[in-house]
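Undergrad: below are the sequence and a predicted model; questions follow.
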Amino acid sequence: MVVLLSQIIIIVYIFNLACVLVATVVLSNTIYLSGYFRCLAIMYSINYIIYLLGSVGQLQNLRYLDLALNSQMTSLTPQLLSMPNLTRLNCSGCVSLTSPPYAVCVGGLHAIRQYYRDLRSGGHVEVSEAAVALVGRTLSGKTSLVKTLVGSDGKRKLTNRTADAVEDETTRVFNMEKLVVGDNVLQFIDFGGNEIYQSTYQFTLKQNCIPIVVVNLMEFETLYFEMNGNEAVRCTYFDWLSHLYLANPGLRAPKLVFTHRDAYSADGFEQLKRLFFFHTKSVFNLIQLEENSEWNYSSSFTRISHFQCQEMFQEQDIYVVGDEYEEVFDQLRSHIISDSKLVVKKVPTLWRKVAQTFNSFHGSYKTFPEVLQLVFGYELANEDQLRVILSYMHNSGHLIWYQDRESLQSLVFYDISVVTKLLHVVFTHEKELWSNRRSAIEADSLDNPLIENETEFNNLAQEFVRTGEMSEKLFQHLLITETSFTTSDKIKVAVALLQSFQLLFKMKDSSQKLSYTMPYFSQEYFTDLTASRRQPVKLSVDMLFGGLTPPQYVYHQISVKLLNDLQDCSEKAVRKNGVELRDEAYTLQLLHDYKSRKLSISVTSGCRRVGNAWKMLTTSVHSTIKYVNSTWRASKITCINLCAHCPLVGEKRPKRFINPSWCQPSEYGESLPMTSDSSPGRCGTYRDVPACLLHPTFQLLGDELQKLSDFVKTNFKPPDNIGHSGAATHTVGTDDVLSDVSDEEEDTSSTSEDLTKLTLVPTTNQSIKSLFINTSKEILECIQSETRDEIHNTYGMFFLFLFAHGANGMIHGVDSQPVYLTQIYSLINSTNFPNMAGKPKVVVIQACRVGNSVSQTEQNIQQSTNSSSPELSAFRTHQQEAETSTGQRNFDVDDLLILHSCFERLA
Ligand SMILES: Nc1nc2c(ncn2[C@@H]2O[C@H](COP(=O)(O)OP(=O)(O)O)[C@@H](O)[C@H]2O)c(=O)[nH]1
Ligand SMILES: [Mg+2]
């Protein structure tokens, strides 16, 4: 095995025992491994392995080889065929693999071995089938750009999207356009900009692609005045890029195309461009900060490579086009072509032949035996070989074949448009379309075998548009009249397909009628979330998303997933902002809020069922994290578990456990740490709290249950039906709601009892930590490690003194690197410093505030309302919580006093 570059840590497990050897190897060493190892994990954290040499094949006893997340590795070795004991090979996240292509490796060792066997017996071809993904707002000029690029006549093509256009050229779902370059095919995926189609992008996100963002500066200008600059660039393209980069964190830098150059004077255009890049930089820096935040599970969630760069866009990746054909189109085309050649995949000749056979098929899907029959002439060794090839084609986005889904495994969809058409039928809210459908009923009743008259159709359609629930009758009617899914069997296929994308949930209403729910379309929101008197215990976890914002429909997919996971429950309600599942013994709520990038799951139950409630909560949290982690690998989730005891006793500010170990996704998939937690939570404010309120406890022993019941009997104040509304509410004590005195007044009216609680303990010299001799990174780490010290539970106040060189809004470490004050403040807000939540904190800063002052960017970050680091976003969430729900005051900032020296005039 050849290892390039500095340190690599190899952890070797012998006989599956714990790690016994940690070797540090320096610079360009070749490591020879003798043959005793059974299990070898090459850690991803330092991913410099470029290729595996044959010597690994000499490890005859090796059973498990873990190469996960070595994202620079480009090839494996055919020697894998000659390792008799190897049964597992993990290549997940090794996205640069081209030999075998990553899409093969996803299929595991079995597929990889098949690949090498087929290479050996029939040779290979080299292909570079790149996809170009065009994203951007609707009407930005994507379709016109693609048509111009694939056209060979050197003419500018423009769609006609004016109101009086004869043909409606709006892109529905997405279009695929092909450009043949020699033996290779460049595929342009032109996404429909309308938000409603976003949930369909997941088909195409399987492979690495060349991302192109299309921006119409006129739109940016409008948004700039409607909202603010940062929000405008987010809407214009950052939020679109999430689709691509969260799913494929290894993607290269995006290209940027400005359209509508002709609509501006040269000066006007330049001015707008400058504004655009100014805000781009501001948001980019912010996301970088969030991306690199240590608060996230660095080991489980991947970082986005591009966000480690200096700039969002490289100079050479920016193109400007207008309404006429110019040289710039030729340049763009040739750059795309040369980029596509960067990834050349080695594919067995036989596989290529099978893939090409699909081009001659008619229709849109075939059964597996039919496909087998059609490729019969290629002398495949067995069915299994075809399975490997099909799953490679599925993983690389050439067809859709769900081999693990029972209802779909017998079908191979090779024309993806059949699926996008299906989506368009169901996923539409366009008034005109519905009225056309209605008039079709009137005109020809023979075409409408299920729905008999216009009134019936109208009622069903209105119900869907309002509630997101589509009755089975309407669903079948649409399929029969508008798609090629016409027989009852095919309807099952259509439903299974939509279910597999977590777009739709099948359920029976109270009268046992079947309907399909698409939470996306529900117009209603949960408003009243008052906890029940019979279910006093409320367990909850908040999840905050940092980094690039996950697309809105991801939240809906999580809702559908939860519904599917918890099928048994008797009552279900679906709304636009979440779902509620109710049973005799418990109520589970999932609520999400796209704007504040937050998702909350809570379960309420009676004392007896606490074990079950924990099971539901842990299962739901794990399944959510697992789903996000596998599909949106670069999403950053911070989990906050709220103390279930605090609200019971009317405590206004529940203790928060940040990323408790039981919330963390397991790195190795299945087994999740639940009971074996070594550090159970501790409610900082109260003693003698039953453990089952603080930490997952699945079974209560007799006396534990008794203790909990007694505790609840003496302490529980049932909430009145007042006040709790909105998406992100947590039960707080009734006092909060009913009190005539505002929190502010309550806080200042200290009683003599409060005063006697204050004790002063002198600080010794040794216990003062000095930060100023540290580098900027160390300063932050030092403050962070201090905030994690449980000792602060026992203190009532926190002082932080900062004496350093600095500039406006920042101080400097010894390495002259800036530490932004906002970074420091966010480290000590209530979310990140829960032990001091709600207690006074004083920051004294003595530093210069002159010179190369904090950039405009930084100020924008501070001013921006809708973009922030995870810490800031946590802070903002609480602020919104406070505003929208109970009138509870936000203690994240209110408990912070900042004293700043002012040397501005001296300099
Ligand atoms: N003047 C001008 N119009 C453009 C340009 N690019 C696109 N358009 C027009 O903008 C509208 C939207 O274009 P289209 O390509 O359909 O946008 P899409 O929604 O992003 O696919 C159409 O009316 C186009 O003719 C351009 O560079 N200059
Ligand atoms: Mg379009």
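TA: Happy to help now that I have it. Numbers count the residues shown, from 1 in each chain. Ligands and ions are numbered 1, 2, ... in the order given.
Undergrad: near ligand 2, which residues of the stretch 101-250 of the chain?
TA: Counting by C-beta under 5 Å from the ion, the stretch 101-250 of the chain comes close to ligand 2 at K142, T143, T171. Any C-beta I mention is one placed from the backbone N, CA and C, and that applies to glycine too.
Undergrad: need those residues in a markdown table (columns: secondary structure and neighbour count).
TA: Formatted as a markdown table, those follow (DSSP: H, G, I helix; E, B strand; the rest coil; neighbours: other C-beta atoms under 10 Å):
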| residue | secondary structure | neighbour count |
| --- | --- | --- |
| K142 | helix | 29 |
| T143 | helix | 25 |
| T171 | coil | 18 |
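Undergrad: give me the residue from the stretch 501-650 of the chain nearest ligand 2.
TA: Distance from ligand 2 to each residue of the stretch 501-650 of the chain (C-beta to the ion) is smallest for P551, at 18.2 Å.
Undergrad: hmm, Y245 and that residue touching each other?
TA: No. If you go by C-beta atoms under 8 Å, P551 and Y245 don't touch, sitting 11.2 Å apart.
Undergrad: neighbour-wise, which of those two wins?
TA: Taking other C-beta atoms under 10 Å, P551 and Y245 do not tie; Y245 has more neighbours (25 against 22).
Undergrad: these two touch, right, the more buried one and L251?
TA: Yes. In this structure Y245 lies within contact range of L251 using C-beta under 8 Å: 5.7 Å.
Undergrad: name the residues contacting each of these two.
TA: P211, I304, H306 (C-beta atoms under 8 Å, 6 or more residues apart in numbering).
Undergrad: out of these, who's nearest A440?
TA: Among those, P211 lies closest to A440 (C-beta to C-beta), at 39.7 Å.
Undergrad: pLDDT at that closest one, what is it?
TA: P211 carries a pLDDT value of 92.
Undergrad: wasn't it part of a strand?
TA: Yes. In this structure, P211 lies within a strand as judged by DSSP: H, G, I helix; E, B strand; the rest coil.
Undergrad: how far away is the closest residue to it other than its chain neighbours from ligand 1?
TA: Using C-beta to C-beta, 6 or more residues apart in numbering and skipping the chain neighbours, the partner closest in space to P211 is P254 (4.1 Å). Distance of P254 to ligand 1, given as C-beta to the nearest ligand atom, to the nearest Å: 16 Å.
Undergrad: these two touch, right, P254 and V214?
TA: No. P254 is not in contact with V214 according to C-beta under 8 Å; the separation is 10.5 Å.
Undergrad: more neighbours: those two, which one.
TA: Higher neighbour count among P254 and V214: V214, with 28 against 22, using other C-beta under 10 Å.
Undergrad: got a list of what S128 touches?
TA: Going by C-beta under 8 Å, 6+ apart, the list of residues near S128 reads N184, S340, K341, L342, V343, V344, K345.
Undergrad: and it, what pLDDT?
TA: 79.
Undergrad: what's the answer for V560, then?
TA: 92.
Undergrad: hang on, the earlier thing: for the contacts of S128, work out which two are farthest apart.
TA: Maximum distance among the contacts of S128 (C-beta to C-beta): 12.3 Å, for N184 and L342.
Undergrad: the more surrounded of those two?
TA: Legend: neighbour count by other C-beta under 10 Å for N184 and L342, higher for N184 (16 against 12).
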